[in-house]
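>>> Only the shape, not the letters, is given here:
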């Protein structure tokens, strides 16, 4: 690819600087600060030795996710959900996506009758908070699983694959990877892609302006795959360290 | 295609029987009962001569959507949102999708400073309630727009294109169209596709079991396009009648 | 009686056209669409094999009712209860009336330790939604009871009587039966009467304008009784069909 | 009438000891403690120099009512509404009745563009809290109206009539007046009657056990009228004092 | 001390007239009306033969407190918590203080596995509602404990000490005791002091205007101690009567 | 003082390691990460060019504060407020304290008609979260005020003094400073002290076990003053840097 037209000056298929800090807080079984450029999310994985009612007594586990933003994670201050009296619809949609994605790489029989609760709290937002959340939560989940293995609470690893996510979009007619806030606000089509090491897990593409066609879709998926393969490497490097 | 393996005995690329009844209730400016087989949704379009605060005084309009199910639309009774004390997360996600989709075919300058509120209330559910909702809501919206034109409240048609939606999925390894509840509960990947007459507007695909690949994705989109083209014809026929 | 002064041109003691469609939706044990003229209510009866906490372990059953309107059942759109954050006071009052009325004709010992949940959802309103709800819910309840008998879940019929309801009011000084919206908005006194085949079950009369006297009350009850006896016949005819 | 069969040993048509204490608290424009035997309700009338949105700029006033019980007003403690997260359905029904009743005796043109808020807070309950509330609230309302007249905020009395309420019921086959809790829990039919000095304003009768007939209804209304006429005298005596 | 500068004309270290009426309502095990001048609070103590989940099966008891105001207890009408949709922050803070204070004088082993619920409902407010609540609630609690002893539900008195509370503040540079509303609104520093017969239990001091120093703090505590010792005598006199 | 008996091995009057990181996130006008040992709080100050309704048009400003914890800031996971349906009572009490404290050092005339919103979000808790919040929020507030001055939105500094807070407690009979979670859970009396450079602003002391006396109170205040003077130095050093 040639000279970038992106406000960020990145190549069209270039990720932002991705940084993963494990053991970011001390109480959670898995705790990660993930940074996609200026987007910063604290992802924790908490082990809860009980399961939701619909799973009681079946010997199988579960994973749920919650997503939230600090009020001043964004350029103008957001009201807290509780002062609005109800959960934020956008947050709920994102936490459902995070939960579905991570559940797809867990073997719940091997996990046993316990629940893992993922919390993704955005402390600074600059686009791509949901993809950073999924990518970071996988590392926190891995650490929580290691905790279970090290403490002999389970004997076999319930993680079936690694999983990561990235956004792609069409900006001034050109497909670009990992959009920051400025790029996201001005693109025509934007799509979030979640992949495990086994294949596509979720795609959500929306035409913000003009509709898109099959050719554009395919180009977007090409660069998304590239980007996610790089995220797999960064995740693994982080898990191998220390 | 050959003999079907579907529980519904339909061809893999065959829609259910789709039926659209206009003027289903008398108060709304647009009111449609849409049936995708046993899935039945009342879609109304209400004109509200005011806009949300963020648009006040700009001379532009807006469209919002709400989606809900009657408690006994499903096989076992669901509690009403209000008795749960908060909106249902799944419903909110669906109504955001309906709203985004329909907004993509409206010219808000031509609509003028007024709002159209779409209500999709499922009275019987058998899979595909969100795609039936979008498809039916377009017809209700068209009737509401006609009302505005007939009453000289606007002078030019703000509808830029027609829009419809369908679900596709991989069932026992085979891509199938317009899944009913039984098929949906047993498929591996399921995807909702929203298209306007100008191209793709939204795709949301999820691997419920094993991940999917690019080839499968393309096959799913092929039959989705076919199905949506049929829905365009059915919508138009309905709008031409009476 | 002589020439009507009613906007509806009906005789003063004349019901609107009443139509009952059984098996209106497929999932509920009893499901009825009842129409009192332009007022249309979906009434379902759902069997729940559990009882509220205060009845646990006593071998006796219960019945509860919920009442709601679709947002555009009325001339101007109503906000959904959940977006208001609390149940609508008028709806709660009506559902308490529906519940009390139907409980009065059920033998809870014979029903056994299970609950029947009545849902009355108004899809189009033109006055008399609560009386149509009670009248239609009785038919749905009868079908749910038949389901219990046919499936040998109970051996004796717990229904002690039939029950129906109608509104009456004083319009331009004249007592009239079964008020539509226009009549209801312009009448002085309006009263809802619930009767079982054994006698009066509930009367709720309100002077909207000038107070009423005992003589007027008696005239209103006379025509209400007439009307309810006709409803009993229509209910029975519907239950005998098919 | 002869020897009473009532647990309270009262005559069948005998009120409990009714006591009205005006100026019970110091801040409200009207403030009354009303006692119907052991039922004690604080009724206040507060003047609010604004009206609900639907009346803005029309020069007309309004009256609203709220009803609540202290948690230990009853034999076993009730949870507060706010800890339940929603208003109590029974309380809402009662406050709607109180509001409707008092509005029927007010001329809102004469009241001018202001609102009167009635608060009825039960501090001890022993049956008949809603009828005591209406009866006491009328006295508080009269005091608030006097305040408006004395301070020249209005020039003509907007009160068109006096209003009071009483309960009647069929206890062991006998019609009785002003039921206390023990009588109320064991009666077959119970009815609340609201009358102004101009006639019947509201009747709400419910068959708790066996249905009732027209003859019984008439007997109940006979003793209700007697009782309310006594309440009118007690209200007037209280308003004349001091 | 010399001539008072207080609006109330009281001596600087003088309590308002304190009056305690036991058995104020008939249903609660302990029920007290306490008056600190024009501040009037109904304090009830209700025995609940169950404990919160975190104490189940441990043989120990608990005490919780709730605090609320009638809407027109104050000069301008307050909205009810339930119509605000959430508990009032100030009320919650006060009820937490009341609960902590009374728990400090109870031996929960001797109380046994049951809960005492304190309700403090302000019917008229003129400053010092929280201190009146604690002082009155102790008397209601004593009566509830007597009930348990008299009915042989417990054999040893779980009350370890008496407890009372008073407010102090710096008004025009002078430390004063038991502030009424007018004094409270115009003072610089105000402090609530809770003491049991064994020592200080809670102090909460706030500089409303200019900060305070250690000397001022000590003077405030001197007069608070004096005042609380008088309250102990008034409480005991009330408990000895009848 | 001699050898410590504290679990933390600190001297009795020794603060934990206090660290202040300014400009911690990029969007807020003031943004600080403050660490009191393992307690970590993000404090942001957001400028809002509007004021609450009660201040409209008066030319004066306001400051409000919100306090919250991430779900896994603590040893076991806490549910989010929004999933509880209401704000947490402890959080509300803390945020009221933070707001009152910071308002005491602001001249609202000089601030002009605008609001500063303080958000304190605990990302890791180990005792003393409210005192760390106040101490850190002062630095964030200073940065927000500098922003207003630098951008010529105000011309004179509205900050009248610096402010900080610390906890003290009696642990095994000995007064200690700045309690961590382990010390806090095992101490008898614990007290939070807020001081500005002008004197005491707020003290809140609670006897968790045995009551405390005036001598103990004075010793606690002695070491609190010492500690707060050190915090003033640390705040100032941080503000001088960069």
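Yep, that arrived. Computed from a prediction, not measured in an experiment: that's the story for all the values here.
>>> What about residue A:166, how many residues nearby?
Look at residue A:166: counted by other CB atoms under 10 Å in any protein chain shown, it has 29 neighbours. To be clear about C-beta, it is placed using only N, CA and C from the backbone, and glycine gets the same treatment.
>>> so what's residue A:186 up against?
residue A:171 (CB atoms under 8 Å, 6 or more residues apart in numbering or on different chains).
>>> An error on my part: the question was meant for residue A:95.
Each residue near residue A:95 by CB under 8 Å, 6+ apart is listed here: A:65-67, A:120.
>>> that's a helix at it, yeah?
Yes. The assignment for residue A:95 is a helix, going by DSSP: H, G, I helix; E, B strand; the rest coil.
>>> any residues touching stretch A:80-89, and which ones?
Taking CB under 8 Å, 6+ apart as the rule, stretch A:80-89 contacts A:68, A:71, A:91, B:86-87, B:89, B:92-93, B:96, C:85, E:85-86, F:66, F:68, F:80-83, F:86-87.
>>> which of the residues in stretch A:187-206 are buried?
Residues of stretch A:187-206 classed as buried: A:187-196, A:198-206 (neighbour count, 16 or more other CB atoms under 10 Å in any protein chain shown).
>>> Repeat that for stretch A:50-61.
A:51, A:61.
>>> Repeat that for stretch A:134-147.
For stretch A:134-147, by 16+ other CB under 10 Å, it's A:134-145, A:147.
>>> Next, the contact list for residue A:27, please.
By CB under 8 Å, 6+ apart, the residues touching residue A:27 are F:72-75, F:124.
>>> Name all residues that make contact with residue A:46.
Residue A:46 neighbours (CB under 8 Å, 6+ apart): A:28-29, A:116-119, A:144, F:71-72, F:77.
>>> Correction: the previous question concerned residue A:202.
For residue A:202, the contact set (CB under 8 Å, 6+ apart) comprises A:97, A:100-101, A:165, A:192-194, B:204-207.
>>> now do 6 Å
Taking CB atoms under 6 Å, 6 or more residues apart in numbering or on different chains as the criterion, residue A:202 is in contact with A:101, A:194, B:206.
>>> Look up how far residue A:43 lies from it.
Applying CB to CB, to the nearest Å, the value for residue A:202 to residue A:43 is 18 Å.
>>> still on that earlier bit, switch the contacts of residue A:95 over to CSV; also include secondary structure and pLDDT.
Rendered in CSV, the data for those read as follows (DSSP: H, G, I helix; E, B strand; the rest coil; pLDDT from 0 to 100):
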residue, secondary structure, pLDDT
A:65, strand, 97
A:66, strand, 96
A:67, strand, 97
A:120, strand, 98
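>>> and which of those residues is nearest residue E:53?
residue A:66 (22.8 Å; CB to CB).
>>> can you count the residues close to the residue nearest to residue A:82 when sequence neighbours are not counted?
Leaving aside its chain neighbours, residue A:82 sits nearest to residue F:81 (3.8 Å; criterion: CB to CB, 6 or more residues apart in numbering or on different chains). By other CB under 10 Å, the residues close to residue F:81 number 19.
>>> ok, which stretches of chain A are helices?
For chain A, the helices defined by DSSP state H occupy A:81-84, A:89-103, A:108-111, A:129-150, A:181-185, A:214-240.
>>> Would you point to the one among the ones you listed that's packed deepest?
Looking across the helices of chain A with neighbours counted as mean count of other CB atoms under 10 Å in any protein chain shown, the highest average goes to helix A:129-150: a mean of 24.
>>> pLDDT on it, on average?
For helix A:129-150, the mean pLDDT works out to 98.
>>> wait, does it contact chain B?
No. Helix A:129-150 does not reach chain B (CB under 6 Å from any CB of the partner chain); its nearest approach is 13.2 Å.
>>> and that helix with helix A:89-103, angle?
Helix A:129-150 and helix A:89-103 are oriented at 40 degrees to each other (axes from the mean of the first three to the mean of the last three CA atoms, to 10 degrees).
>>> okay, the angle between helix A:129-150 and helix A:214-240?
40 degrees.
>>> Residues contacting helix A:129-150, please?
Here helix A:129-150 has contacts from A:20, A:29-30, A:32, A:34, A:36, A:39, A:41, A:43-45, A:47, A:94, A:98, A:101-102, A:116, A:118, A:120, A:122, A:154, A:159, A:163-167, A:192, A:231, A:235, A:238-239, using CB under 6 Å, 6+ apart.
>>> What about those, which are in strands?
Residues of the contacts of helix A:129-150 located in strands (DSSP state E): A:20, A:30, A:32, A:34, A:36, A:39, A:41, A:43-45, A:47, A:116, A:118, A:120, A:122, A:163-167, A:192.
>>> Spatially nearest residue to the residue positioned nearest the centre of chain A, not counting backbone neighbours?
Chain A has residue A:134 as the residue nearest its centroid, 1.5 Å off, counting by CA atoms, centre = their mean. Distances taken as CB to CB, 6+ apart place residue A:165 nearest to residue A:134, at 4.0 Å, with adjacent residues excluded.
>>> for the one you found, what are its contacts?
Contacts of residue A:165 by CB under 6 Å, 6+ apart are A:131, A:134-135, A:194.
>>> Between all of the residues you listed, which two are separated the most?
With CB to CB as the measure, no two of the contacts of residue A:165 lie farther apart than A:135 and A:194, at 9.4 Å.
>>> The contacts of residue A:202: which ones sit near chain C?
Within the set of the contacts of residue A:202, contact with chain C (CB under 6 Å from any CB) is found for no member.
>>> Which single one of the residues you listed is nearest to chain D?
Nearest to chain D out of the contacts of residue A:202 is residue A:101 (CB to the nearest CB; 32.3 Å).
>>> Residue A:67 contacts residue A:96, doesn't it?
No. Checked against CB atoms under 6 Å, the pair residue A:67 and residue A:96 is beyond contact range at 9.0 Å.
>>> Next one: the most far-flung residue of chain A relative to its centre from residue A:106, what distance?
Largest separation from the mean C-alpha position in chain A: residue A:57, at 30.5 Å (CA atoms, centre = their mean). Distance, residue A:57 to residue A:106, using CB to CB: 19 Å.
>>> and what of residue A:137?
Here residue A:137 is placed at a distance of 12 Å from residue A:106 (CB to CB).
>>> Show me what from chain A comes close to chain E.
Residues of chain A lying close to chain E by CB under 6 Å from any CB are residue A:85.
>>> Report the helix or strand with the lowest average pLDDT across chain A.
Lowest on mean pLDDT, DSSP states H and E among the helices and strands of chain A sits helix A:81-84, with a mean of 81.
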